[in-house]
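**Q** structure for this input, please:
(one chain, ligands or ions: 2)
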Amino acid sequence: MNEENYTELQEGLARFVVPQELFFNPRARLARDFGVIALRAEADLQERRLQVIDLMAGVGTRGIRYALEAPVERIVLNDGNPAAVEAIRRNIALNAISPDVQIEVTCEQVHRLCYAIRLRDEHFDWVDLDAFGSPSVYWHAASLAPRWGGVLYLTATDMAALCGKLRDPAVRHYGAVTRPWECGDEIGARVLLGALQQSAGERGLYWQPLFVLDEGYAMRIAVRLHYGSAEFPVNQIGWMVKCMGCYSQTTLPLHVTVGRCRVCGSEEVQWAGPLWTGSLYDAEFLHLMSVEARKAGYQAVLRQLRLMVDEASSPAGYYCAAELGKRTHLSHLPPVDALIQRLRQAGYEASRTHFETAAFKTNAPYPVIQQIAQQLQ
Ligand SMILES: C[S@@+](CC[C@H](N)C(=O)[O-])C[C@H]1O[C@@H](n2cnc3c(N)ncnc32)[C@H](O)[C@@H]1O
Ligand SMILES: [Zn+2]
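**A** Ligands and ions are numbered 1, 2, ... in the order given. Next comes the predicted model:
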């Protein structure tokens, strides 16, 4: 490696170099912090050190941080690019990783590696899949690596497809219709989860969501693998539906494909999906993560976790204050917290959401939201 062609960086407890020709995204720091904190939470839950594999390790930052900052017993760092693997080895040497952490570095294609893992009957507690674009091409293979009860932490960066700006790739990768609605990002997360479930269901498996992190340019999802066809969450696959007459949003089961708006009776109703209509979060896991984020002093993670705890038991979908202002011809936008408080006082569920700052979740019909917003003028 030419000494002048790389930058030396620090993130969390890890020091590392990034040769000019290799990819490293400093913006993904929050997702890596989330990974570290979630791994620590998982070790707390299992009450032991964990076996981890980073299938697309890049220059190794994420995997090295796991080895330095979480209770890891064994970690495999893999990348298909030999230059990345050279950087991983160099970066491991730069850090004082405890000798009781078993580290392996491999240079394999994800599919080849995962099928070899299955043939060797190896199982990991935690599998990281940090792909560019859609992860759908890899998730069948990646789901061969976790043990039953193990976790897959994956990335999707094909946000235009997931959030409704590009229809064709959404159909190709996820067999779903996505929509550029105000809650388009959450639809994207739910479409990802729905398609992931479908892929597991084919093999008698299913996934339990632990958390979803929407970073705007990428979606990160952590899911726990379970065995059992009878337990497959059929009732949590369905549609997100929006009325073009009164703007109310709701979810419907998969078998319901026609209907009028339950609020205003309009037939101008649009569907998004099929998608995951169940919870996006595991409340106990979020609690363990909050404890670990506080201990580690990761304030940005804690801020997101507080919003996730709040939205964990809230209805699917969300409404944006700006859209509410336009549709209701408000002279100024209502403060989101005041709106949430008034919706709760009126007997509805309401919360903020980590998907969007000036937005709220509620099961109130849209005309009720508009009425409350007008009262707040
Ligand atoms: C988004 S980067 C990984 C970034 C890294 N996880 C981080 O947090 O810094 C994706 C990596 O996957 C590798 N890659 C792409 N396709 C692959 C494949 N089929 N098998 C193995 N590695 C692959 C690329 O070489 C690249 O380093
Ligand atoms: Zn309606």
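
**Q** can we go C-alpha only for contacts and neighbour counts from here?
**A** OK.

**Q** pLDDT value on Pro334, please?
**A** At Pro334, the pLDDT value in this model is 89.

**Q** low-scoring stretches of the stretch 101-250 of the chain, by residue?
**A** Across the stretch 101-250 of the chain, no stretch falls below the confidence threshold (pLDDT under 70).

**Q** spell out which parts of it neighbour ligand 2.
**A** Within the stretch 101-250 of the chain, the residues that sit near ligand 2 (CA under 5 Å from the ion) are Cys243, Gly245, Cys246.

**Q** where's the second one, which helix or strand?
**A** Take DSSP states H and E as the rule and Gly245 turns out to sit in neither a helix nor a strand.

**Q** dump the residues of the stretch 101-250 of the chain next to ligand 2 to TSV, plus neighbour count.
**A** Output for those, formatted as TSV (neighbours: other CA atoms under 10 Å):
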residue	neighbour count
Cys243	22
Gly245	14
Cys246	18
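
**Q** state which one residue of the stretch 101-250 of the chain is found closest to ligand 2.
**A** Nearest residue of the stretch 101-250 of the chain to ligand 2, counting by CA to the ion: Cys246, 3.9 Å away.

**Q** I'd say that residue and Gly265 touch.
**A** No - between Cys246 and Gly265 no contact is recorded; they are 9.3 Å apart, counting by CA atoms under 8 Å.

**Q** where along this structure do the helices fall?
**A** Taking DSSP state H to define them, one finds helices in the chain at 29-46, 61-69, 82-94, 110-119, 136-142, 159-162, 167-174, 184-201, 283-296, 299-311, 321-328, 336-345, 366-375.

**Q** quick revisit: ok, the residue of the stretch 101-250 of the chain closest to ligand 2 - contacts?
**A** Going by CA atoms under 8 Å, 6 or more residues apart in numbering, Cys246 touches Val263, Cys264, Ser266, Tyr366, Pro367.

**Q** out of these, which one sits closest to ligand 2?
**A** Out of those, the member with the shortest distance to ligand 2 (by CA to the ion) is Cys264, at 4.1 Å.

**Q** ok, the closest one touching Gly245?
**A** Yes - look at Cys264 against Gly245 with CA under 8 Å: they come within range, at 7.4 Å.

**Q** picking that back up, return the member of the residues of the stretch 101-250 of the chain next to ligand 2 nearest to ligand 1.
**A** Comparing these against ligand 1 with CA to the nearest ligand atom places Cys243 closest, at 37.6 Å.

**Q** so how far is Arg262 from the nearest residue to that closest one once chain neighbours are set aside?
**A** What sits nearest to Cys243 in space, not counting adjacent residues and going by CA to CA, 6 or more residues apart in numbering, is Val269, at 4.5 Å. Counting by CA to CA, to the nearest Å, the gap from Val269 to Arg262 is 10 Å.

**Q** what about those two, which has more around it?
**A** Neighbours were counted for Val269 and for Arg262 using other CA atoms under 10 Å; Val269 has more, 19 against 13.

**Q** the more buried one touches Tyr247, doesn't it?
**A** No - using CA under 8 Å, Val269 is not in contact with Tyr247, being 9.2 Å away.

**Q** what is in contact with the two at once?
**A** Shared contacts of Val269 and Tyr247 (CA under 8 Å, 6+ apart): none.

**Q** how long is stretch 233-250 end to end?
**A** End-to-end distance of stretch 233-250 (CA to CA): 19 Å.

**Q** just the buried residues of it, please?
**A** 236-243, 246-250 (16 or more other CA atoms under 10 Å).

**Q** next to ligand 1, which bits of this protein? Give me the list.
**A** 24, 56-58, 61-62, 79-81, 108-110, 130-132 (CA under 6 Å from any ligand atom).

**Q** 8 Å instead?
**A** 22-26, 28-29, 32, 54-63, 78-81, 84, 107-111, 128-132, 138 (CA under 8 Å from any ligand atom).

**Q** going through those, which ones are buried?
**A** Among these, those classed as buried by 16+ other CA under 10 Å are 32, 54-63, 78-81, 84, 107-108, 110-111, 128-131.

**Q** returning to what we had before: the residue nearest to Cys243 and Trp239, how far apart?
**A** Distance, Val269 to Trp239, by CA to CA: 12 Å.

**Q** outline the domain layout of this structure.
**A** 3-237+277-283, 284-375 (automatic domain parsing).

**Q** distance to Val258 added to the ones you listed, as JSON lines?
**A** Shown next, in JSON lines, are the domains of the chain (distance: least, CA to CA, whole Å):
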{"stretch": "domain 3-237+277-283", "distance to Val258": "15"}
{"stretch": "domain 284-375", "distance to Val258": "19"}
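
**Q** mind listing which of the residues of the chain next to ligand 1 are in strands?
**A** Among the residues of the chain next to ligand 1, the members falling in strands (DSSP state E) are Asp54, Asn78, Asp128, Leu129.

**Q** give the bridge partners for the first one, please.
**A** Yep, that's Asp54 we're talking about. Listed by DSSP bridges, the beta-bridge partners for Asp54 are Leu77, Asp128.

**Q** Thr61 is in contact with that one, correct?
**A** No - using CA under 8 Å, Asp54 is not in contact with Thr61, being 10.2 Å away.

**Q** circling back: next, format the helices of the chain as JSON lines and append distance to Ala230.
**A** What follows is the helices of the chain, written out as JSON lines (distance: least, CA to CA, whole Å):
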{"stretch": "helix 29-46", "distance to Ala230": "25"}
{"stretch": "helix 61-69", "distance to Ala230": "35"}
{"stretch": "helix 82-94", "distance to Ala230": "42"}
{"stretch": "helix 110-119", "distance to Ala230": "24"}
{"stretch": "helix 136-142", "distance to Ala230": "20"}
{"stretch": "helix 159-162", "distance to Ala230": "29"}
{"stretch": "helix 167-174", "distance to Ala230": "23"}
{"stretch": "helix 184-201", "distance to Ala230": "10"}
{"stretch": "helix 283-296", "distance to Ala230": "24"}
{"stretch": "helix 299-311", "distance to Ala230": "28"}
{"stretch": "helix 321-328", "distance to Ala230": "41"}
{"stretch": "helix 336-345", "distance to Ala230": "37"}
{"stretch": "helix 366-375", "distance to Ala230": "37"}
